[in-house]
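Undergrad: Provided below for reference: sequence and predicted model.
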Amino acid sequence: MRLLIVNPNISEDVTRLIEAEARRTAAVSTDIFMATASFGVAYIETRFEALIAAYAVACAAGERAGSFDAMVVAAFGDPGLAGLKEVLDVPVIGMTEAALMSACMLGTRFSIVAISSRITAWYRETVVANGLESRLASIRHLSSPLRGVGSVQQDHADELLALCRRVVLEDGADVIILAGAPLAGLARAVADHLPVPVVDGVSSAVRHAESLVTLGVRPAVLGSFCAPPVKSRAALPASIDSLLMRAQARKP
C-alpha cells in the first residue's frame, strides 16, 4: 500500500513530526510518502487560512495523482477533505474525521485539546460538520503564546498535560483528542499519565486509511461524492486540471 500524507501547512518541522508518528503506526507493508504545502501559512488557525490550505492540499494531490492508494490530509480541521473525496478515486482520510471516529469507538463523550484559542472556532465547526456536536464535552487550549509550531510539545508539556487532566475531571470527557499536527505523537508520551484513552489524529488516520484500502472500497460514481460535472473552466493550475479530468473520466 502506498500512502500519501499531505501537511497542509508550510512547516517542514511539523511534516517531520507527522512522518515520525505515521511510520511508528503504519503496517510494515505500507509505504509512506510525505508532502508539505508549497504555499500557505505556518499553521492553520482561521477559516481563511483553512481555505488557503485546502487549495494547497488539492495542488499537492493533483501533482501526485495516480501514485498512491490512499491519502491523508494531516491537519486537524481537514481542509479540503470533502472536495478531495469527489475527485480522487482512492480513500481520502482527514486527521479530524479519523480522530473523531476513533474517539467515538472508545467512549461516549470526547474533549479536544488544542494549541491556541483562535483555532477553537474552526475545530468546533469541524465537529459539527461531522455530526458529533452532541458528543463533544469541551475544547480546551493552550493559553501561552507559541515560540515555534514545531516545538509546541516540548515548550508546553506541563500545560498540555494539565489540560488533558482538566477535560476529564472538570468536563467529563471519556476520551481525549490531542488536536493538530504539531501534537503528532504526543498521545504516546502522555497515555500512561492520564485516566482515559488519548487519541492521536495522525495514527488514527494512517490506520483508518489502511483499513479502507484493505476493504477494497470503490469510489462513488453517483451521489453527492461523485465526480464534478464536465463544464468549461479556465486558468486552473495543471495539477488541479488533471484532478478534474481524472475524476470526470470515471465511469458508472
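TA: Noted; the coordinates are in hand.
Undergrad: can you list the low-confidence ranges for the stretch 1-150 of the chain?
TA: Applying pLDDT under 70 to the stretch 1-150 of the chain flags no residue at all.
Undergrad: at which residues are the helices of it located?
TA: 12-25, 47-64, 81-87, 95-106, 120-129 (DSSP state H, counting those that start in this stretch).
Undergrad: other SSEs contacting the first one?
TA: Under the contact criterion of 3 or more CB pairs under 8 Å, 6 or more residues apart in numbering; DSSP states H and E, helix 12-25 touches strand 2-7, strand 31-36, helix 201-215. Bear in mind the C-beta positions are built from the backbone N, C-alpha and C, glycine included.
Undergrad: give me the angle between it and strand 31-36.
TA: 160 degrees (axes from the mean of the first three to the mean of the last three CA atoms, to 10 degrees).
Undergrad: go ahead and name everything in contact with stretch 55-69.
TA: 1-4, 6, 8, 33, 35, 37-40, 71, 73, 79-80, 83-84, 87-88, 90, 213, 237-243, 246 (CB atoms under 8 Å, 6 or more residues apart in numbering).
Undergrad: can you do 6 Å?
TA: Residues outside stretch 55-69 that contact it (CB atoms under 6 Å, 6 or more residues apart in numbering): 1-2, 4, 6, 8, 35, 37, 39-40, 73, 80, 90, 213, 239-240, 242-243, 246.
Undergrad: just the buried ones from those residues?
TA: 4, 6, 8, 35, 37, 40, 73, 80, 90, 213, 240, 242-243, 246 (16 or more other CB atoms under 10 Å).
Undergrad: mind giving me TSV with those and columns for distance to residue 198?
TA: Converted to TSV, the buried ones among the contacts of stretch 55-69 look like this (distance: CB to CB, whole Å):
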residue	distance to residue 198
4	26
6	24
8	23
35	27
37	27
40	28
73	21
80	27
90	29
213	26
240	37
242	39
243	35
246	38
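Undergrad: from those, pick the one nearest residue 219.
TA: When the buried ones among the contacts of stretch 55-69 are compared for distance to residue 219 (CB to CB), residue 90 wins out at 7.4 Å.
Undergrad: ok, that closest one - contacts?
TA: By CB under 6 Å, 6+ apart, the neighbours of residue 90 are 69, 70.
Undergrad: let's see that with 10 Å instead.
TA: For residue 90, the contact set (CB atoms under 10 Å, 6 or more residues apart in numbering) comprises 2-4, 61, 65-66, 68-71, 84, 209, 212-213, 217, 219.
Undergrad: out of the residues you listed, who's nearest residue 113?
TA: Nearest member of the contacts of residue 90 to residue 113, counting by CB to CB, is residue 209, at 23.4 Å.
Undergrad: residue 79 versus residue 91, what's the distance?
TA: Distance, residue 91 to residue 79, by CB to CB, to the nearest Å: 17 Å.
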